[in-house]
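J.: Here you go, sequence then predicted model.
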Amino acid sequence: MSAKFLVAGTLAGGMTLFVWGAVNHMAVPWPKDTVRMFKDDEAAVRAIREHAPENGAWVSLRGVFLVVRARPDLSAAKEGDVMAANLPLEFASNLLVALLLALVLLRTRCSCSLGYAKVGALMGLAAGAAIHLSERIWWGHSTMLTLVNFAEVVVGWGLAGLVLGALKRKLLPEAPAGPAPAPVAA
């Protein structure tokens, strides 16, 4: 196993996923109805806090599933505060995903970097199915939200696969195809 490829691949793949996440959330014009705002934010927050007194996941047998993450005083979070706290954690999770992709691609042989991109996208499709189809089934995520979430994972992992594939071809050139060398007698 190549430690150099794993370290470089984790960093390059993690950066690729992180940048794609930023582009996906800030620049891609996804339909606006994937997540909706409450009609009366103040009233909704008060009602939620009254019936969900602490942060966590809450469910009603009437089909309501709610994840609550509110400040104790219910004040609005400043976007900069949220970003400053969450971006390092997001980047760390991207590094973990990139490391796992690098481990799989280290054992994969493709004739070109695009082949590695396809493997990454296929892995993203599997991860998306495991997570986002279950969220749709159990928690009623809309079709559009499910598709947007799938696209983020499949495209991101495909791009990371492309970067990792190019890096692998540069750092670990594979032996030319052909017959295996004859074993050496001891």
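T.: Done, it's in.
J.: Tell me where this protein has helices.
T.: 3-26, 41-51, 79-106, 113-128, 134-139, 143-171 (DSSP state H).
J.: now those in CSV, with mean neighbour count?
T.: Where you see a C-beta, it was placed from the backbone N, CA and C, and this is true even at glycine. Below are those laid out as CSV (neighbours: other Cβ atoms under 10 Å):
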stretch, mean neighbour count
helix 3-26, 17
helix 41-51, 12
helix 79-106, 15
helix 113-128, 19
helix 134-139, 13
helix 143-171, 20
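J.: Redo the ones you listed as JSON lines? Include distance to Arg69 and mean pLDDT.
T.: Formatted as JSON lines, these follow (distance: least, Cβ to Cβ, whole Å; pLDDT from 0 to 100):
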{"stretch": "helix 3-26", "distance to Arg69": "17", "mean pLDDT": "96"}
{"stretch": "helix 41-51", "distance to Arg69": "11", "mean pLDDT": "89"}
{"stretch": "helix 79-106", "distance to Arg69": "10", "mean pLDDT": "90"}
{"stretch": "helix 113-128", "distance to Arg69": "23", "mean pLDDT": "96"}
{"stretch": "helix 134-139", "distance to Arg69": "16", "mean pLDDT": "90"}
{"stretch": "helix 143-171", "distance to Arg69": "18", "mean pLDDT": "95"}
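J.: Rebuild those helices as a markdown table, extending it with distance to Val35.
T.: Shown next, in a markdown table, are those (distance: least, Cβ to Cβ, whole Å):
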| stretch | distance to Val35 |
| --- | --- |
| helix 3-26 | 11 |
| helix 41-51 | 14 |
| helix 79-106 | 15 |
| helix 113-128 | 17 |
| helix 134-139 | 13 |
| helix 143-171 | 7 |
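J.: Select, out of those, the one closest to Asp73.
T.: Smallest distance to Asp73 across the helices of the chain (Cβ to Cβ): 10.3 Å, for helix 41-51.
J.: Quick one: residues in contact with that closest one.
T.: 38, 58, 66, 68, 70, 74 (Cβ atoms under 8 Å, 6 or more residues apart in numbering).
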